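**Q** Give the three-dimensional model of this entry:
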Amino acid sequence: MRFPPLRLRPGFNPGYPLGQQPASPPCRPRPDHLARKVFDEMPERTVTSFNSLIAAYFQNQQPHQAHQLFTTMPQRNTASYNTVISGLINSNQFSAALSLFASLPDPNVVSWTTILRGYVRERLISEAESFFWKIPEKNVVTWTVMVGGLLGEGRVEDARRLYDEMPEKDVVARTSMVCGYCNAGRTREAREVFDEMPKRNVVSWTAMVSGYAHNGQVDLARKLFEVMPEKNEVSWTAMLTGYAHAGRIEEAAEIFHAMPEKPLIACNAMITGFGMNGMVDEAKEVFHRMLERDEASWSAMIKIYEQNGLQIEALDSFRSMQMARFCPNYPSIISILTVCAGLAILGHGRQVHGVIMKHHFDSDVFIVSALITMYIKCGDLPKAKRLFNMFHSKDVVMWNSMITGYSQHGLGEDALRLFESMISTGMVPDEITFIGVLSACSYTGKVKEGREIFESMSSRFSLEPKTEHYACMVDLLGRAGFVDEAMDLIKEMPVEADAVVWGALLGACRTHKNFEIAKIAVEKLSRLEPGNSGPYILLSHIYASSGRWKDVFELRKIMSSRNISKSPGCSWIDIEMKVHMFTGGDMLAHPDHRIIIDMLERLDGLLKEAGYCPDGSFVLHDVDEEQKSQNLRYHSERQAVAYGILKVPEGLPIRVIKNLRVCGDCHSAIKLIAKITGREIILRDANRFHHFKDGSCSCADYW
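**A** Model prediction:
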């Protein structure tokens with residue numbers, strides 16, 4: 001999809017890199033400064049000139065100067081009081097406005113209405129109602145303000161009764177009622193009010209179109225939109241947004257193309273709409289052709305990259321956003337923390353932490369929870385613990401982040417202690433909490449505790465276990481060798497078992513070499529996820545580990561006939577803010593491949609001296625032992641570890657990430673490598689963390 005060229009924003013020079021545009025011209029004096037200069041030079045000042053300058057101060061967010069000038073006025077009229085009362089209300093100083101109103105000698109309808117508006121603004125609707133009925137003289141604005149206040153509180157019926165009592169109704173009052181009905185989802189009644197309007201303006205039409213669009217009635221919105229006598233940017237944007245939210249992206253793009261002007265809000269809506277439909281290139285094109293951008297534009301693109309697996313592009317956009325002097329906002333920070341956690345790039349994550357501190361987001365519980373999760377997934381559990389302990393106003397999400405973190409790092413006792421501490425503080429666990437705790441029991445073989453916690457979900461906390469919780473229990477029982485009991489639990493589940501449940505059972509079959517149940521699990525998985533190669537690979541492992549090469553060959557034929565291909569195993573390591581990727585068997589892709597091969601061969605010799613013997617059962621091909629040893633040596637996780645030994649300074653842990661489950665032979669080898677080299681190696685695979693040190697692993701070989 002292509003777009004017509006858009007005008008470049010004034011002053012934008014495409015020859016300069018992003019964030020390095022030429023300096024802006026010198027700032028001009030502020031209008032209120034010039035106004036004060038003229039005021040001070042006036043030989044005679046009237047009440048009107050005082051009132052004008054007071055209004056200017058309020059408009060430029062200088063309420064103190066406005067109030068100070070008001071107190072020096074030699075003479076005041078009701079308009080003077082009204083100007084200051086209105087300004088104080090708009091400056092969030094309602095108490096001061098009430099005090100000034102009480103001292104007003106002769107309040108008029110504007111004075112009363114302004115205070116009524118203040119009550120509504122402060123959401124003091126009961127007080128507003130009492131005040132409204134005390135007003136000696138009301139005009140249509142007074143009535144409309146009260147109707148709007150009731151609508152804002154969701155009291156649609158009360159608002160309608162007051163609306164019906166109005167002596168006269170202008171277009172603003174009627175439009176307010178249309179908006180109120182639409183916000184409540186009552187578009188039929190809104191349309192009745194709209195149709196009864198003797199006169200409509202563009203705001204009325206837009207309110208009705210927006211109401212239909214935001215309530216999912218985009219076809220009705222489009223019919224009304226087409227007959228509008230006049231359209232403005234809001235009308236066009238409402239129609240565009242309605243189509244985008246309904247998933248009708250082609251029609252949204254059609255509206256976008258037809259717009260005479262493409263305001264910022266419309267471009268942002270179009271970017272978001274394309275992103276929701278996975279149309280990354282189209283979103284990029286709108287973004288790069290925009291006249292201007294704001295924080296929402298940047299954060300929308302960052303989120304689109306993050307959600308579509310384009311993590312490097314998300315990181316680049318986050319940097320560019322800051323170079324262009326836009327402050328990171330809440331959505332962009334959450335997205336970039338998710339990227340750092342997904343890639344486990346600790347260096348970048350620490351930089352984002354610095355940005356969070358700089359822009360004072362460190363008191364936000366959701367951002368700190370995401371930050372804790374980032375440190376956990378990057379393997380820096382001590383930092384996550386410090387953040388968790390420092391934050392006082394913890395919510396259930398933050399507790400869940402830490403419990404899940406302990407679980408993923410194999411610290412089952414710590415996860416259970418934290419769970420009990422959470423309950424003792426009065427925090428009520430939710431469904432996510434139990435996934436974390438049950439996973440901790442599974443990873444550490446705590447079958448008894450897991451059974452008790454699973455039973456307590458319904459008996460103690462009134463939470464019905466869902467599929468995810470049954471998957472944790474199947475994994476817990478299966479790992480511990482109770483494969484038949486795990487199978488029985490699946491049969492007794494009140495809900496249909498999904499791919500996660502059957503996958504957990506298949507993993508247990510691999511560990512305990514249960515061929516019969518493994519075949520059942522693979523058959524179920526092939527129906528649930530026909531394109532997923534994982535189950536077939538696991539079954540191949542089970543056959544290969546027992547030397548059943550004929551079965552391995554037959555399984556490969558089935559995969560070939562169904563066009564199922566194995567996802568390549570890859571590992572990566574972050575060195576000095578640069579991600580280095582390694583793929584199993586592909587030794588020439590990395591520019592430093594020569595020294596990596598040398599290090600692997602050196603480690604191979606040291607491993608043999610330490611008594612290491614390659615486990616050929618993890619090779620899925622029927623080849624001789626020497627070839628099996630060669631295949632295992634060049635697994636992606638070993639390449640990454642070798643590169644880490646070469647590049648990560650002594651005394652710092654080597655952090656490696658793998659997209660699949662770590663190979664069993666590599667697990668044994670890396671334990672020895674950690675001992676031989678005296679290095680700490682932290683490996684995150686698809687399931688959990690492994691902390692290798694002094695010849696042992698944090699998982700205690702129970703994984």
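
**Q** Which helix or strand in this structure has the lowest average pLDDT?
**A** Least confident helix or strand of the chain, by mean pLDDT, DSSP states H and E, is helix 625-633 with a mean of 55.

**Q** I'd like the next helix or strand past it.
**A** Sequence order places helix 636-647 as the next helix or strand after helix 625-633, per DSSP states H and E.

**Q** Let me know the average pLDDT across that following helix.
**A** Average pLDDT, helix 636-647: 95.

**Q** what does stretch 261-281 give?
**A** Stretch 261-281 comes out at a mean pLDDT of 92.

**Q** could I have it exported to CSV, CA atoms only?
**A** Extracted in CSV, the C-alpha atoms of stretch 261-281 (Å, rounded to 0.1, in the frame of the first residue of the first chain):
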residue,chain,number,x,y,z
GLU,A,261,-5.3,17.3,5.8
LYS,A,262,-3.6,14.6,7.9
PRO,A,263,-3.4,15.9,11.5
LEU,A,264,-1.1,14.3,14.0
ILE,A,265,-3.9,12.4,15.8
ALA,A,266,-5.1,10.8,12.5
CYS,A,267,-1.6,9.7,11.6
ASN,A,268,-1.1,8.2,15.1
ALA,A,269,-4.4,6.4,14.7
MET,A,270,-3.4,5.1,11.3
ILE,A,271,0.0,3.9,12.6
THR,A,272,-1.7,2.1,15.5
GLY,A,273,-4.3,0.6,13.2
PHE,A,274,-1.7,-0.8,10.8
GLY,A,275,0.3,-2.1,13.8
MET,A,276,-2.8,-3.9,15.2
ASN,A,277,-3.0,-5.8,11.9
GLY,A,278,0.7,-6.6,11.7
MET,A,279,1.3,-4.2,8.8
VAL,A,280,4.6,-2.9,9.9
ASP,A,281,5.9,-1.5,6.6
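
**Q** Name the surrounding residues that touch that stretch.
**A** Stretch 261-281 is contacted from outside by 1, 6, 233, 236-237, 240-241, 243-245, 247, 249, 252-253, 256, 259, 282-283, 286-287, 290-294, 296-297, 300-301, 303-305, 307-308, 310, using CB atoms under 8 Å, 6 or more residues apart in numbering. Yep, even glycine has a C-beta here, placed from its N, CA and C like the rest.

**Q** tally of neighbours for V352?
**A** 23 (other CB atoms under 10 Å).

**Q** Over to Y634?
**A** 18.

**Q** Just confirm it contacts L600, I think it does.
**A** Yes. At 7.0 Å, Y634 and L600 qualify as touching, with contact defined as CB atoms under 8 Å.

**Q** Need the residues touching each of those two.
**A** With CB under 8 Å, 6+ apart, Y634 and L600 have no common neighbours.

**Q** quick one, helices of the stretch 251-400 of the chain?
**A** 264-276, 280-288, 295-307, 311-323, 330-343, 346-358, 365-377, 381-390, 396-408 (DSSP state H, counting those that start in this stretch).

**Q** who's in contact with the closest residue to Y443 other than its chain neighbours?
**A** Spatially, and ignoring its direct neighbours in sequence, Y443 is nearest to G410 (5.5 Å; CB to CB, 6 or more residues apart in numbering). Contacts for G410 were tallied using CB under 8 Å, 6+ apart; they are 443-444, 688-691, 698-700.

**Q** quick one: which of the helices of the stretch 251-400 of the chain is nearest E492?
**A** helix 396-408 (25.1 Å; CB to CB).

**Q** So which bits of the closest one are buried?
**A** 397-408 (16 or more other CB atoms under 10 Å).

**Q** Sketch out the low-pLDDT regions of the chain for me.
**A** 1-33, 564, 566, 585, 614-631 (pLDDT under 70).

**Q** try it again with 80
**A** 1-41, 43, 531-549, 551-556, 558-568, 584-588, 613-633, 703 (pLDDT under 80).

**Q** Now do K578 against E165, distance only.
**A** Remark: distance between K578 and E165 (CB to CB, to the nearest Å) = 70 Å.

**Q** thinking M422 is in contact with T433, fair?
**A** Yes. In terms of CB under 8 Å, M422 counts as a neighbour of T433; the distance is 7.3 Å.

**Q** For the stretch 551-700 of the chain, which segments are assigned as helices?
**A** Counting by DSSP H, counting those that start in this stretch, the helices of the stretch 551-700 of the chain are 593-609, 625-633, 636-647, 664-677.

**Q** Looking at those, which one is packed in the most?
**A** helix 636-647 (a mean of 24; mean count of other CB atoms under 10 Å).

**Q** Touching it from outside, list them.
**A** With contacts defined as CB under 8 Å, 6+ apart, helix 636-647 is touched by 569-573, 575-576, 580, 582-584, 587, 590, 592, 595-596, 599-600, 603, 632, 654-656, 658, 662-663, 666, 669-670, 673, 677, 679, 681, 683, 685.

**Q** now do stretch 485-498
**A** Against stretch 485-498 from outside (CB under 8 Å, 6+ apart): 466-467, 470-471, 473-474, 477-478, 501-502, 504-505, 508, 517, 520, 524, 528.

**Q** Would you mind writing the CA trace of that stretch as PDB?
**A** What follows is stretch 485-498, C-alpha atoms only, in PDB (Å, rounded to 0.1, in the frame of the first residue of the first chain):
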ATOM      1  CA  GLU A 485      -0.700 -39.900  37.200                       C
ATOM      2  CA  ALA A 486      -0.100 -36.900  35.000                       C
ATOM      3  CA  MET A 487      -1.900 -38.600  32.200                       C
ATOM      4  CA  ASP A 488      -4.800 -39.400  34.600                       C
ATOM      5  CA  LEU A 489      -5.000 -35.700  35.600                       C
ATOM      6  CA  ILE A 490      -5.300 -34.700  32.000                       C
ATOM      7  CA  LYS A 491      -8.200 -37.100  31.600                       C
ATOM      8  CA  GLU A 492      -9.900 -35.700  34.700                       C
ATOM      9  CA  MET A 493      -9.500 -32.000  33.700                       C
ATOM     10  CA  PRO A 494     -12.800 -30.100  33.600                       C
ATOM     11  CA  VAL A 495     -11.500 -28.100  30.600                       C
ATOM     12  CA  GLU A 496     -10.000 -29.300  27.300                       C
ATOM     13  CA  ALA A 497      -6.200 -29.800  27.500                       C
ATOM     14  CA  ASP A 498      -4.300 -27.400  25.300                       C
END
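
**Q** Cool, thanks, talk later.
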